[in-house]
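Visitor: Fold the following for me, if possible:
(one chain, ligands or ions: 1)
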Amino acid sequence: MPFSLVDIVFGISCVFFFQTKIIQIGLWALPPRLFFEFHHESWLCPAAIVFFTMQKATITAIGAHVPERIADNKYFESIIETNDEWIRSRTGIQERRIAREDEFTSDLCVGAARDLAATYHKDLEDVDFILVATVSPDQPMPSVACQIQYKLGLKHAGALDLAAACAGFAYGLVVAQGLIAAGTHKKILVFGAETLSKITDYEDRTSCVLFGDGAGVVLVEPGEGDGFMGCVTGAEGSGGQDLYLTSQNTTINGETVIANNKIHQNGRRVFKWAVTTMPVYIRDIAKRSGWSLDQVDWLVPHSANMRILEAISDNLDFPLDKFLESIVWFGNTSSATIPLALHQGVKAGKLKKGDKVILMGFGGGLAYAGLALRWAF
Ligand code: UT7
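Guide: Take a look at the predicted model:
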């Protein structure tokens with residue numbers, strides 16, 4: 001079918017409109033009447049074109065920062081009735097970091113961003129968006145993102161905190177992907193950062209041994225080839241009272257809860273929810289990305305408990321040595337566990353360019369989010 005002038009003008013407009021190289025070639029070869037004929041007959045053609053023409057997002061650098069002070073399991077033996085054996089066997093945790101009294105989430109984020117910039121020689125001046133996943137901000141207002149904007153002097157950056165607890169970092173990546181795909185932003189810092197020690201009830205032995213402090217950050221930029229693939233996002237708000245941190249309201253879902261502005265959880269219930277539902281979503285993410293599970297190089301679920309990772313491994317028949325975790329040396333750092341695990345994976349030389357990775361965050365809300373990506377460096 002010969003190309004007419006209209007076809008060529010249409011093709012050129014598409015090339016400028018859709019910036020992805022593969023699709024540029026596709027659209028150059030697609031006369032408009034063919035496009036509209038397909039469109040008329042099936043929604044699949046335009047849907048496929050929209051999917052494949054979306055500008056991809058990719059992670060181009062990573063950084064991390066944790067407080068200097070280490071609290072090992074022995075430390076807890078001195079403040080509550082517990083022991084190292086119980087903590088190791090029930091959670092896998094050996095140590096966690098605890099922030100100084102005058103050290104806050106924004107300070108850890110600044111440290112993580114400096115680590116990223118120094119390691120990957122990235123100029124952060126033209127960062128145009130800061131997304132911070134946290135449930136332990138320095139204060140609710142100003143946001144941690146605004147504090148980072150000020151402390152790092154990022155003059156052109158939008159700033160937004162995102163509250164999705166342990167699913168926060170994965171949610172942040174999904175949001176960043178949307179901003180990149182929309183073409184409105186090109187250089188986004190996504191943080192997962194917590195100072196949970198400030199909101200931990202150290203009289204509650206069922207939870208205080210779990211939590212730690214730390215921050216991880218990634219730089220998300222437009223990319224081709226390597227980049228973000230399928231994702232899932234969701235929530236089961238009916239389980240809100242199973243894991244919470246009160247502020248103003250003393251009831252959740254009509255249930256009166258412990259209102260001391262500290263984290264509380266029904267560990268057994270959250271455990272059961274995590275091990276039964278996360279494998280389903282992980283399979284779903286792989287499917288949406290066109291991958292089979294045995295093609296996946298690394299699985300990075302939220303590091304809440306080593307036994308949860310083991311249960312997911314069993315359920316998916318996916319080897320535990322292909323998991324990246326941060327639970328053993330940092331404890332449960334909520335939104336920071338996934339970026340800390342990725343950072344450890346890179347530092348250990350495990351995570352390499354081109355690797356297929358699935359991240360899966362889950363926790364308070366109850367909220368969950370996960371996505372697949374090709375590691376790009
Ligand atoms: O990050 C957000 C998502 N969070 C999660 O995914 C957390 C999910 N839950 C968990 O990781 C686990 O449920 C916990 C680590 C919180 C608890 O482990 P568990 O195996 O579920 O313990 P349990 O609550 O069933 O308690 C077993 C026993 C109890 O004693 P009895 O009733 O059997 O006599 C507890 O009182 O262990 C006792 N216990 C402790 N013993 C020593 C609870 N905490 C401690 C402790 N030291 N720190």
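
Visitor: now residue 351: how far from the ligand?
Guide: Distance from residue 351 to the ligand, counting by C-beta to the nearest ligand atom, to the nearest Å: 22 Å. Quick note: C-beta positions are derived from backbone N, CA and C, even for glycine.

Visitor: Tell me which residues touch the residue nearest to that residue when sequence neighbours are not counted, please.
Guide: Residue nearest to residue 351 in three dimensions, not counting chain neighbours: residue 345, with 3.8 Å by C-beta to C-beta, 6 or more residues apart in numbering. With contact taken as C-beta atoms under 8 Å, 6 or more residues apart in numbering, residue 345 is in contact with 298, 300, 324, 351.

Visitor: With distance to residue 214 added, can I get the residues you listed in JSON lines?
Guide: Putting these into JSON lines (distance: C-beta to C-beta, whole Å) gives the following:
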{"residue": "298", "distance to residue 214": "20"}
{"residue": "300", "distance to residue 214": "15"}
{"residue": "324", "distance to residue 214": "15"}
{"residue": "351", "distance to residue 214": "18"}
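
Visitor: Tell me who's in contact with the residue in the chain positioned nearest to the ligand.
Guide: With C-beta to the nearest ligand atom as the measure, residue 267 is the residue of the chain nearest to the ligand, at 2.8 Å. Residues counted as contacts of residue 267 (C-beta under 8 Å, 6+ apart) are 206, 207.

Visitor: Get me the contact residues on the stretch 201-350 of the chain for the ligand.
Guide: Contacts of the stretch 201-350 of the chain with the ligand, taken as C-beta under 6 Å from any ligand atom, map to 205-206, 209, 243, 265, 267-268, 270-271, 274, 304-305, 308, 332, 334.

Visitor: Spit out the contact partners of the residue nearest to residue 298 when sequence neighbours are not counted.
Guide: Once flanking residues are discounted, residue 298 sits nearest to residue 357: 4.7 Å by C-beta to C-beta, 6+ apart. Remark: with contacts taken as C-beta under 8 Å, 6+ apart, residue 357 is in contact with 296, 297, 298, 299, 300, 342, 351, 372, 373, 374, 375.

Visitor: got it, and residue 99?
Guide: Listed by C-beta under 8 Å, 6+ apart, the contact set of residue 99 reads 67, 69, 107, 108, 195, 197, 198, 213.

Visitor: what's the neighbour count on the nearest residue to the second one once chain neighbours are set aside?
Guide: Ranked by C-beta to C-beta, 6+ apart and with sequence neighbours excluded, the top spatial neighbour of residue 69 is residue 98, at 4.9 Å. Applying other C-beta atoms under 10 Å, we find 22 other residues in the vicinity of residue 98.

Visitor: so how far is residue 343 from residue 98?
Guide: With distances defined as C-beta to C-beta, to the nearest Å, the gap from residue 98 to residue 343 amounts to 19 Å.

Visitor: How about residue 245?
Guide: Distance, residue 245 to residue 343, by C-beta to C-beta: 25 Å.

Visitor: These two - which one has more neighbours?
Guide: Relative neighbour count places residue 343 above the other of residue 245 and residue 343, with 28 against 19, counting by other C-beta under 10 Å.

Visitor: That one: helix or strand, and which one exactly?
Guide: In this structure, residue 343 sits in helix 337-347 according to DSSP states H and E.

Visitor: strand partners of the helix or strand that comes right after that helix, parallel vs antiparallel please.
Guide: Proceeding N to C from helix 337-347, the next assigned helix or strand is strand 356-363, under DSSP H and E. Sheet partners assigned to strand 356-363 using DSSP bridges are listed as strand 298-301 (parallel), strand 367-374 (antiparallel).

Visitor: is the last one up against the ligand anywhere?
Guide: The reference is to strand 367-374. No. Residues of strand 367-374 contacting the ligand under C-beta under 6 Å from any ligand atom: none, with a closest distance of 10.0 Å.

Visitor: Was I right to think the residue nearest to residue 69 contacts residue 67?
Guide: Yes. Using C-beta atoms under 8 Å, residue 98 makes contact with residue 67 at a distance of 6.1 Å.

Visitor: Show me whatever sits in contact with both of the two.
Guide: residue 213.

Visitor: returning to that earlier point: among the contacts of residue 99, which are located in helices?
Guide: Judged by DSSP state H, the contacts of residue 99 include 107, 108 as members of helices.

Visitor: Which of the contacts of residue 99 are buried, as a ChimeraX select command?
Guide: Remark: buried members of the contacts of residue 99, expressed as a ChimeraX selection using 16 or more other C-beta atoms under 10 Å:
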select :67,107,108,195,197,198,213
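
Visitor: Off-centre distance for the host helix or strand of residue 287?
Guide: Using DSSP H and E, residue 287 falls within helix 267-288. Taking C-alpha atoms, centre = their mean, to the nearest Å, one finds helix 267-288 lying 16 Å from the centre of the chain it belongs to.

Visitor: if you average pLDDT over that helix, what comes out?
Guide: Averaged over helix 267-288, pLDDT sits at 97.

Visitor: Just the angle for that helix relative to strand 367-374, thanks.
Guide: Using axes from the mean of the first three to the mean of the last three C-alpha atoms, to 10 degrees, the direction of helix 267-288 lies 40 degrees away from that of strand 367-374.

Visitor: list the buried ones in helix 267-288?
Guide: Under the neighbour-count rule (16+ other C-beta under 10 Å), helix 267-288 has 267, 270, 271, 273, 274, 275, 278, 279, 281, 282, 285, 286 buried.
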